[in-house]
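Visitor: build the 3D model from these lines:
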Amino acid sequence: MTKETNNHFDIIIVGGGMAGATMALALAPLAINIAVIERHPYQDEQSQPSFDDRCLALAWSSRQIYQAMGIWDKLMQREHDGFTAIKNIHISDRGYFGVTRLDCQQYGVDALGYVVESRVMGEVLLEEMQQYDNIHIFSPAIIEQQNIDEQQVNLAVLFNQKHIKLSADLMIIADGVNSATRQALGIQVNQQAYAQTAIIANIETQMAHNNIAYERFTDSGPLAILPLSRGRCSLVWSARDVEVAGIMALNDTDFSQALQQRFGYRLGQITKVGHRAAYPLVLMTINNDTLAHQRRIALIGNAAHGVHPVAGQGFNLGLRDISALAELIAQQMQQHKQGDAGDQRLLSAYWQWRQADIRQVSQVTNGLIKLFSNHSVGLALLRNTGLLMTDIISPVKHAIAQEAMGTGVLQGRLSRMAVGQALF
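Guide: This next block holds a predicted model:
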């Protein structure tokens, strides 16, 4: 699918999943020409991996970003179909007494965050992209060759079984943690395997979730149960790699029993388990030395970083990439009649801006996994005393809530959209 277009664009976005589509929509009001190259056909839910059965946990600051883009109301309309508010967060450590509870009413907000099915998010974003004449979608399409010089990005693309050539002032790479585009450019990454795999499924429980999100640390990894529409919950069970094959091989009844042992009975019996999928977990950061010599390239979302799903920060981190880059490009285009979206000073300013946030989120999520995976009885008592004291001491609790909402000090400088201000 695409619209009639010239071959030169202001910006080419490689990857049309959640991050790429959001990036295109953030920039569309600038009235610049944007190409979105997506490998998978949007109409085929089986092969479009970005819009599958998984769910996204959106922080409060992510709501602000989508609200500033004019998309939030359209997501709210799906309240009874794959969109649910998180009113409370319940944090616990399996086998110990410590618990921390966060309540949105204590912070004067409607919700601490939201859970959105990837499928629903994909439908909303695609519908929005199709409203803009300056967003040109090439799907399904594959980049066969790429050449970047000081003036522009040049791509040879296979689209609808035809070989075409596209060029742009800037290429934004948004094709995921295993980005083929990033690899082809020689941008290297630093990876650390967690020896854990996330098992994803939607489940139903005997008791209503009442908009409570549960984060439960266990000896094999964290387990999150998030509220979903139609009385369902979204499960993210981080299990040891050596256990995953056995867990995935269980029938639904045995799987429910194994999950019940890990989670407990705060929601009563687990009554139904939907389709299960498994995703290996890796901490990934960009090797900045190999990125430094690149020109007219920007990385966003999972192509720029990969973090453990504990605390649900991955997609929110990517949205902060998008809002920062969009702000800098908007400034460039508004200040200069012939603005260059691929200006090296702009791109250097973007990457420098994002480093503190990426580093802090990577360190905090990594630290949580190490802290709660340690089987020392003494350390277990200390961390559970910490959970209990956090529940009692208001300033500490407030700081944790702000981080969960994406508005805390660890995020560093926030973009205009992240605080609810429109760019245009």
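Visitor: CA only for contacts and neighbour counts going forward, please
Guide: Noted.
Visitor: contacts only, for the residue lying closest to residue 227 once chain neighbours are set aside.
Guide: Spatially, and ignoring its direct neighbours in sequence, residue 227 is nearest to residue 233 (4.7 Å; Cα to Cα, 6 or more residues apart in numbering). Counting by Cα atoms under 8 Å, 6 or more residues apart in numbering, residue 233 touches 202, 203, 204, 205, 209, 225, 226, 227.
Visitor: pLDDT score for residue 233?
Guide: On the pLDDT scale, residue 233 is placed at 95.
Visitor: next, it: secondary structure please.
Guide: strand (DSSP: H, G, I helix; E, B strand; the rest coil).
Visitor: do residue 367 as well
Guide: Note that with three-state DSSP, the state of residue 367 is helix.
Visitor: surely residue 420 meets residue 72?
Guide: No - using Cα atoms under 8 Å, residue 420 makes no contact with residue 72, being 11.3 Å away.
Visitor: host element of residue 26?
Guide: Per DSSP states H and E, residue 26 falls inside helix 18-27.
Visitor: okay, the next helix or strand after that helix in PDB with CA atoms only?
Guide: Using DSSP H and E, the helix or strand that follows helix 18-27 in sequence is strand 34-37. In PDB, the C-alpha atoms belonging to strand 34-37 read as follows (Å, rounded to 0.1, in the frame of the first residue of the first chain):
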ATOM      1  CA  ILE A  34       7.500  11.200   5.000                       C
ATOM      2  CA  ALA A  35       8.000   7.600   3.700                       C
ATOM      3  CA  VAL A  36       7.300   4.600   6.000                       C
ATOM      4  CA  ILE A  37       9.000   1.400   4.800                       C
END
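Visitor: roughly how far out does the next helix-or-strand element following strand 34-37 sit from the chain middle?
Guide: Toward the C-terminal end, the helix or strand that comes next after strand 34-37 (DSSP H and E) is strand 55-59. From the chain centre to the centre of strand 55-59 is a distance of 7 Å (Cα atoms, centre = their mean, to the nearest Å).
Visitor: report all helices and strands that strand 55-59 contacts.
Guide: Applying 3 or more Cα pairs under 8 Å, 6 or more residues apart in numbering; DSSP states H and E, one finds that strand 55-59 makes contact with strand 113-117, helix 314-335.
Visitor: give me the contacts around the longest one.
Guide: The set of residues external to helix 314-335 that reach it, using Cα under 8 Å, 6+ apart, is 19, 22-23, 26-27, 30, 56-59, 62, 65, 300-302, 306-308, 339-341, 346, 350, 353-354, 357-358, 361, 406, 414-418, 423.
Visitor: buried ones among the residues you listed?
Guide: 19, 22-23, 26-27, 30, 56-59, 62, 65, 300-302, 306-308, 339-341, 346, 350, 353-354, 357-358, 361, 406, 414-418, 423 (16 or more other Cα atoms under 10 Å).
Visitor: those residues in helices, which ones?
Guide: 19, 22-23, 26-27, 62, 65, 346, 350, 353-354, 357-358, 361 (DSSP state H).
Visitor: which of the residues you listed has the weakest pLDDT?
Guide: Within those, pLDDT is lowest for residue 361, at 87.
Visitor: quick one: find the helix or strand in the protein with the lowest mean pLDDT.
Guide: helix 377-392 (a mean of 49; mean pLDDT, DSSP states H and E).
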